[in-house]
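In: when you get a sec, could you give me coordinates for this:
(one chain, ligands or ions: 3)
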Amino acid sequence: MKRLVPVLKQDGVDLDLIMLIRTILAASKEIAFRVSQGALAGVLGSTLDENIQGEVQKKLDVLSNQLLKDMLLDDDTVRAIASEEEDYVVGGHENGKYIVAFDPLDGSSNIDINGQIGTIFTIYNARNDVPFDSDEQFLQSGSEQVCAGYVLYGASTMLVMSTGGPTRCYTLDLTHGGYLLTQDEMSIPADSKEFAVNMANYRFWNNDVQKFFDDVLYASDEYNKASMRWNAAMVGDVHRVISRGGIFVYPSDSRKGIENGKIRLLYEANPLAMLVEKAGGLAVSNNQARILDIKPNTLHQRVPVIMGSTNLTKKLNFS
Ligand SMILES: O=P(O)(O)OC[C@H]1O[C@](O)(COP(=O)(O)O)[C@@H](O)[C@@H]1O
Ligand SMILES: [Mg+2]
Ligand SMILES: [Mg+2]
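Out: Ligands and ions are numbered 1, 2, ... in the order given. You can find the predicted model right below:
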């Protein structure tokens, strides 16, 4: 089995970027260990604090954020970081050549029930024309990402990543502690009848979305073999989609605060959209707008999301 660094070198990845990826993965191994220890490591349960999005922070949200933050700010190629659990951008090294955004723990509602959780990360080239601790440098469209990935803390710890080439899958080998390549090029089948959506939100959706799922559920023969999955962790749902097809959907919603759904553009939608596209799938928002072309306005903005098997994704045209 090939190790991560030789694969990245073979892909022609810049040495500084390889070192930065290794920094992120070192933090992921520490998180994976704490996750596997669960209550023994005191990582279950909530804190009394809320993040800027009004979500009560779980202990593991805070711990994994701190681990990534400390390791990244120690790396002199990092100009700044942004995180779901940090209200504002945190400046690093002014001459750093990269910026990193991350969701330190995705699927927080699964932590206390031993469900699927993960870490999502994305790397961009730094913009030296703006202050090093400014939000502005993170308002780049997803097509500018130089690397996107997630680590899934499941039965095994898996890394799925692209540095602009194919979406590759690595598995953490606990015997020597490194990530080994276990799937060279992941490829999403164009057709599928498997969908992931929180159906309990049906009443809050607009007519287009309801019409589509009416078809899926009872109106159209085309879907009589459809099946639904919902992990309540985007990283887990999208891993299934990249592994065997299907779609992940989080539409706009009539409820206050989630008019644009729940998924954050910078550190959830963009990195996963890049991985889906590099695996031959499609990742769009309202009006089939390509997610990677959306120009972000704010650090924690949310976007409606549909991603996965191309032909099924094309069928959902939400306005
Ligand atoms: O509450 P719902 O509708 O099931 O939402 C689940 C969604 O929320 C998320 O958990 C949000 O991410 P965080 O856990 O990082 O806050 C997604 O991973 C998941 O797809
Ligand atoms: Mg998340
Ligand atoms: Mg999170």
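In: what about the residue in the chain that ligand 2 sits nearest to, how many residues close to it?
Out: As assessed by CB to the ion, ligand 2 sits closest to D106 within the chain, at 3.5 Å. Bear in mind the C-beta positions are built from the backbone N, C-alpha and C, glycine included. Counted with other CB atoms under 10 Å, the neighbours of D106 add up to 28.
In: what of G177?
Out: 9.
In: spatially nearest residue to it (excluding sequence neighbours)?
Out: For G177, ignoring the flanking residues on the chain, the nearest one in space by CB to CB, 6 or more residues apart in numbering is K29 at 6.7 Å.
In: what do you get for N287?
Out: S319 (6.1 Å).
In: quick one: contacts for S109?
Out: 115, 232 (CB atoms under 8 Å, 6 or more residues apart in numbering).
In: a helix runs through it, doesn't it?
Out: Yes - assignment of S109 by DSSP: H, G, I helix; E, B strand; the rest coil places it within a helix.
In: quick one: K29 from T23, how far?
Out: 11 Å (CB to CB, to the nearest Å).
In: for the residue nearest to V56 when sequence neighbours are not counted, give the beta-bridge partners.
Out: Take V56 and drop its neighbours on the chain: the residue closest to it by CB to CB, 6+ apart is S46, 5.2 Å away. Applying DSSP bridges to S46 gives these bridge partners: K58.
In: my guess is S46 meets E55, correct?
Out: No - the criterion here is CB atoms under 8 Å, and S46 misses it with E55 at 10.0 Å.
In: wouldn't the residue of the chain closest to ligand 2 be in contact with I120 here?
Out: Yes - because the distance of 5.3 Å satisfies CB under 8 Å, D106 is recorded as touching I120.
In: need the overlap of contacts for these two.
Out: With CB under 8 Å, 6+ apart as the test, D106 and I120 both reach 150, 234-235, 268.
In: now the helices for this structure?
Out: 4-10, 15-37, 59-73, 207-214, 234-244, 270-278, 310-313 (DSSP state H).
In: just name the most buried of those helices.
Out: helix 270-278 (a mean of 27; mean count of other CB atoms under 10 Å).
In: by contact count, what packs against that one?
Out: Helix 270-278 sits against strand 117-125, strand 147-153, strand 157-162, helix 234-244, strand 282-284, strand 305-308, with contacts defined as 3 or more CB pairs under 8 Å, 6 or more residues apart in numbering; DSSP states H and E.
In: from the ones you listed, which stretch is densest packed?
Out: strand 305-308 (a mean of 29).
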